[in-house]
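Novice: predicted model, plus sequence, below.
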Amino acid sequence: MRISVIGCGYLGAVHAAAMASLGHEVVGIDVDEAKIEALRAGIAPFHEPGLPELLTEAGATGRLRFSSDIAAAAEATVHFIAVGTPQVRGSNAADLTYVDAALADLLPHLAPGDVVVGKSTVPVGTAARMQDVLAEGAPGAILAWNPEFLREGFAVKDSLTPDRIVVGLPRDADAAATAEAAMREVYADALATDTPLVLTDFATAELVKVAANAFLATKISFINAMAEIAEATDADVTQLADAIGFDARIGRRFLGAGVGFGGGCLPKDIRGFIARAEELGRAESVAFLKEVDAINLRRRQKVVDHVVDLLDGEPFGKKVAVLGLAFKPHSDDVRDSPALDVAVRLKGLGADVRATDPYAIPNARRLHPQLDFRESFDDTVADADVVVLVTEWDEYRYLDPGALGEVVAQRRVVDGRNSYDPAAWHAAGWTYRGLGRPQLGE
Ligand code: UDX
């Protein structure tokens, strides 16, 4: 298939490279010249394991090209729209400016029978509106909706071997048949290995994506709510999660209590869902998502409170080593990152914050140049009064508390991801604070 992918961010760049590696002829298009230059040179513009290799491999076949000119889409017959839908400033709603602009720019380059495939996460009802725009501006072109479920850090694997493929098709039977045939060809490899394919309507396809993310966010906030109860009762939320997780109906995944969720998807998607439900007159149906959001944000403050508590209520001028800035390991993404938020809040209290991360420092610095970033782990923890783990990169998870204890000023740790064995750290002389776990020391 000849494919264009509009938008080469976390989603589009990976999708373009994955499609080319599956044998399709692909052009990735983005308005950001610098990003296009990097991708042309086989350099991933963000940290995503496996992406540089995929870009190099696919680039070498000649099947993967990048362009900043939307006219390059004219050669393709299937066009994926993979631009961002960030949260509108000062509102919960999703900003559709980039989606609308991508479609408007694409219109003059479409031919009858071309299939435009929406991949961006959008409020339900967007596809129907876009179909009207398409009918007006490019008669004969067909819309399909194919939400993406890739996780940052595992995006290459999730793109090449998705756990399901969801396609929303138009109501018109002929258009639906053309769109379905195109999607079956695009995803032929995955379908050959029996990947489930859900063929549905636009609204369901749009909702599947936000419902999945709302569910995951709810699961995390559920266990974090249990952590709050555990804190009031001296119970241990990690044991509680293990115990309920053995129930196959519940499952242990996404029951990691800690500083909470962040990133470019979960927070903005639940807020966008709240805003859209309000527009639909169904605010009460997802009112619980406001609690999910509130529980999540409270956990950030809890980590800060633990730090202040360990500093006897006087954080001013104290050295605080913050381990992690990305919203999760294996990513350099700091959008709505709980780790970065904790660093900023501590800095706001006057603490001498030194923050580190294996990959996310450049992105964090762009947002918060006032913070003191340290490339070196040793620099970050030297003479620290408190060590705070907020992104559970392996290099921070598997620290030796004995060795670390030799270089800090005070053996005090706040484990914002419940990654450490409290007993082992306590035995090495540390005062330990986790989230929803019994506190050890002082
Ligand atoms: C998510 C969805 O998983 C993915 O399917 C969708 O396409 C995009 O949004 P992603 O944002 O990459 O993917 O991150 P995810 O792995 O879901 O983690 C989200 C956040 O939840 C991270 O901040 C992570 O640290 C946090 N988290 C995850 C927890 O706090 N506890 C857990 O048990 C799991």
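Specialist: Perfect, I can see it now.

Novice: for the stretch 201-350 of the chain, what lies in contact range of the ligand?
Specialist: Proximity of the stretch 201-350 of the chain to the ligand (Cβ under 6 Å from any ligand atom) is limited to residues 213, 216, 220, 254-256, 258, 260-263, 265-266, 327-328. Placement of C-beta: from N, CA and C, glycine included.

Novice: which of these count as buried?
Specialist: The neighbour count (16 or more other Cβ atoms under 10 Å) marks 213, 216, 220, 254-256, 258, 260-263, 265-266, 327-328 as buried among those.

Novice: between those residues, which is nearest Ala235?
Specialist: Leu255 (14.6 Å; Cβ to Cβ).

Novice: what's the helix or strand for that closest one?
Specialist: Counting by DSSP states H and E, there is no helix or strand that carries Leu255.

Novice: hang on, isn't it packed against Gly245?
Specialist: Yes. Between Leu255 and Gly245 there is a contact at 5.6 Å, judged by Cβ atoms under 8 Å.

Novice: pLDDT weak spots in the stretch 201-350 of the chain?
Specialist: By pLDDT under 70, the stretch 201-350 of the chain has no low-scoring segment.

Novice: show me the strands in it, by range?
Specialist: According to DSSP state E, counting those that start in this stretch, the stretch 201-350 of the chain carries its strands in the segments 319-323.

Novice: quick revisit: nearest to Thr97 among the residues of the stretch 201-350 of the chain next to the ligand?
Specialist: Nearest to Thr97 among those, with distances taken as Cβ to Cβ, is Cys265, at 18.1 Å.

Novice: all helices of the stretch 51-200 of the chain, in order?
Specialist: Remark: helices assigned in the stretch 51-200 of the chain by DSSP state H, counting those that start in this stretch are 51-60, 97-106, 126-137, 155-160, 173-186, 188-192.

Novice: tabulate those (CSV), appending distance to Asp383 and mean neighbour count.
Specialist: Compiled in CSV, these are given as follows (distance: least, Cβ to Cβ, whole Å; neighbours: other Cβ atoms under 10 Å):
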stretch, distance to Asp383, mean neighbour count
helix 51-60, 37, 18
helix 97-106, 45, 18
helix 126-137, 52, 17
helix 155-160, 38, 20
helix 173-186, 55, 16
helix 188-192, 52, 14
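
Novice: tell me which of those helices lies nearest to Ala275.
Specialist: helix 126-137 (12.7 Å).

Novice: how much space is there between the nearest residue to Ala382 once chain neighbours are set aside and the ligand?
Specialist: In this structure, Ala382 finds its nearest non-sequential neighbour in Val407, 5.7 Å apart by Cβ to Cβ, 6 or more residues apart in numbering. Using Cβ to the nearest ligand atom, to the nearest Å, Val407 is found at 27 Å from the ligand.

Novice: compare the helices of the stretch 51-200 of the chain and give me the one nearest Leu240.
Specialist: Comparing those by Cβ to Cβ, helix 155-160 comes nearest, at 29.4 Å.

Novice: so which other helices or strands are in contact with the closest one?
Specialist: Judged by 3 or more Cβ pairs under 8 Å, 6 or more residues apart in numbering; DSSP states H and E, helix 155-160 is in contact with helix 10-21, helix 51-60.

Novice: just the CA trace of the shortest one, in CSV.
Specialist: In CSV, the C-alpha atoms belonging to helix 51-60 read as follows (Å, rounded to 0.1, in the frame of the first residue of the first chain):
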residue,chain,number,x,y,z
LEU,A,51,12.7,3.3,16.9
PRO,A,52,16.2,4.3,15.7
GLU,A,53,16.8,0.7,14.5
LEU,A,54,13.4,0.6,12.8
LEU,A,55,14.0,4.0,11.1
THR,A,56,17.4,2.8,9.8
GLU,A,57,16.1,-0.6,8.6
ALA,A,58,13.0,0.9,6.9
GLY,A,59,15.0,3.8,5.5
ALA,A,60,17.5,1.4,3.9
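
Novice: up against the ligand, what does the stretch 51-200 of the chain have?
Specialist: So the stretch 51-200 of the chain meets the ligand at 148-152 (Cβ under 6 Å from any ligand atom).

Novice: what is the burial count for the residue of the stretch 1-150 of the chain found nearest the ligand?
Specialist: Ranked by Cβ to the nearest ligand atom, the top residue of the stretch 1-150 of the chain for proximity to the ligand is Phe149, at 4.1 Å. For Phe149, the count of nearby residues is 16 (other Cβ atoms under 10 Å).

Novice: cool, and Pro112?
Specialist: 9.

Novice: residues in contact with Ala155?
Specialist: Taking Cβ atoms under 8 Å, 6 or more residues apart in numbering as the contact definition, Ala155 lies against 10-11, 14, 48, 51.

Novice: dump the helices of the stretch 51-200 of the chain to a markdown table, plus mean pLDDT.
Specialist: What follows is the helices of the stretch 51-200 of the chain, written out as a markdown table (pLDDT from 0 to 100):
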| stretch | mean pLDDT |
| --- | --- |
| helix 51-60 | 94 |
| helix 97-106 | 98 |
| helix 126-137 | 98 |
| helix 155-160 | 96 |
| helix 173-186 | 98 |
| helix 188-192 | 97 |
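
Novice: of these, which is nearest Thr77?
Specialist: Using Cβ to Cβ, these put helix 173-186 closest to Thr77, at 7.4 Å.

Novice: how about that closest one as CSV, C-alpha atoms only?
Specialist: Provided in CSV are the C-alpha atoms of helix 173-186 (Å, rounded to 0.1, in the frame of the first residue of the first chain):
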residue,chain,number,x,y,z
ALA,A,173,-22.0,0.1,2.4
ASP,A,174,-19.7,0.7,-0.6
ALA,A,175,-17.5,3.2,1.2
ALA,A,176,-17.3,0.8,4.2
ALA,A,177,-16.3,-2.1,1.9
THR,A,178,-13.5,0.0,0.4
ALA,A,179,-12.3,1.2,3.8
GLU,A,180,-12.4,-2.3,5.2
ALA,A,181,-10.4,-3.7,2.3
ALA,A,182,-7.8,-1.0,2.6
MET,A,183,-7.4,-1.6,6.4
ARG,A,184,-7.2,-5.4,5.9
GLU,A,185,-4.3,-4.9,3.4
VAL,A,186,-2.6,-2.3,5.7
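
Novice: same for that helix, what does it pack against?
Specialist: Using 3+ Cβ pairs under 8 Å, 6+ apart: helix 173-186 touches strand 115-118, strand 142-145, strand 165-169.

Novice: dump those strands into TSV; add mean pLDDT, mean neighbour count and distance to Ala190 as well.
Specialist: Listed next are the helices and strands packed on helix 173-186 as TSV, based on pLDDT from 0 to 100; neighbours: other Cβ atoms under 10 Å; distance: least, Cβ to Cβ, whole Å:
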stretch	mean pLDDT	mean neighbour count	distance to Ala190
strand 115-118	98	26	15
strand 142-145	98	28	16
strand 165-169	98	22	6
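
Novice: fine by me, thanks again.
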